[in-house]
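Enquirer: dropping a prediction and its sequence here:
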Amino acid sequence: SQKIEQNSEALNIQEGKTATLTCNYTNYSPAYLQWYRQDPGRGPVFLLLIRENEKEKRKERLKVTFDTTLKQSLFHITASQPADSATYLCALEGRNYQLIWGAGTKLIIKP
Amino acid sequence: GAVVSQHPSWVICKSGTSVKIECRSLDFQATTMFWYRQFPKQSLMLMATSNEGSKATYEQGVEKDKFLINHASLTLSTLTVTSAHPEDSSFYICSAWGGRGPGYEQYFGPGTRLTVT
C-alpha cells in the first residue's frame, strides 16, 4: 500500500538557520506533492505544490524539491524564525483527488 | 487563498447524543469536500469524500450510519456524529476543493474539537 514517511521526531533549529524537512514515499508515483503547515488545534494551511516534472519550487523563504527517482521531497525554510515553529505535513495526491498524508514533522525554531 | 469555515469550533456532548458539524466554503464553490479526523500527534485520517448532490464515499472502516454526511449545496457540507461515544472524541477537519482538476490544493477549515463525556 502507499506509504508516506516524515521524520516523527521534532526538529530543533536555531533561529536564522535553514530548516530542512524530509518526506519519503513508497509504492506510489504521484503527479503532485503538497506541503502544508499545521498549528496546534488548527486545520492545515497550504504552502506549496510541486509537480512531478518540476525539480524545485520556491515561495519567499520556502523551497521544495521533488526527486521522483529517490521518491523524496525536501522542504526548506531559510532564515528561520520562531514564528515558523509548527508541524509541517506533506501530502500526495491520490485517486479521486484525495490527499494521502504523512504524519508530519514538528519544527521548533529556537530564538 | 480561499476561506473555509467550520462550526462549531468546539463542542462537548454527552454520550448517546448526536452532534452536527458544518463546513462552509465562503468565497468559492466546492464541488468536493473531504472530512478528516485527527487524533493527537497523528496524521489526518480521511473519513469520507463528499460531492455536492450525491452520496458521500466513505473510507474503509468508517461507519456511514454513524457519521452522516450531507453535501446539500456547493458551499455547505455537514457531518453528523450520531449516538456519539467517548471514543468519537477527536479533532474533525473538513477541506474543500474547487474541482478544477488534479494538482490543486485543498482549503481546510479550522477544525472542530469534539469531546464526548
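Expert: Sure thing, it's come through.
Enquirer: what does the pLDDT read for the residue nearest to B:Tyr104 when sequence neighbours are not counted?
Expert: Excluding the flanking residues, the one nearest B:Tyr104 by Cβ to Cβ, 6 or more residues apart in numbering or on different chains is B:Gly98, at 6.4 Å. In this view, the C-beta of every residue, glycine as well, is placed from N, C-alpha and C. Model confidence at B:Gly98, given as pLDDT, is 71.
Enquirer: is it true that B:Gly98 touches B:Met33?
Expert: No - with contacts counted by Cβ atoms under 8 Å, B:Gly98 stays clear of B:Met33, the gap being 10.7 Å.
Enquirer: looking at these two, which is more packed in?
Expert: B:Met33 (30 against 17; other Cβ atoms under 10 Å in any protein chain shown).
Enquirer: could you list the residues in contact with whichever strand or helix holds that one?
Expert: Secondary-structure element containing B:Met33, defined by DSSP states H and E: strand B:32-38. Residues outside strand B:32-38 that contact it (Cβ atoms under 8 Å, 6 or more residues apart in numbering or on different chains): A:97-99, B:23, B:25, B:44-52, B:56, B:67, B:69, B:71, B:77, B:79, B:90-97, B:99, B:106, B:111.
Enquirer: show me the contacts for the one residue in chain B that gets nearest to chain A.
Expert: Nearest to chain A, among the residues of chain B, is B:Phe108, at 3.6 Å (Cβ to the nearest Cβ). Residues in contact with B:Phe108 (Cβ under 8 Å, 6+ apart) are A:Tyr36, A:Gly43, A:Pro44, A:Val45, A:Phe46, B:Val4, B:Ile93, B:Cys94, B:Ser95.
Enquirer: count of neighbours near residue 52?
Expert: Using chain A here. 13.
Enquirer: oops, I was thinking of chain B
Expert: B:Glu52, neighbours per other Cβ under 10 Å, totals 17.
Enquirer: pretty sure it sits against B:Asn70.
Expert: No - between B:Glu52 and B:Asn70 there is no contact under Cβ under 8 Å: 10.2 Å.
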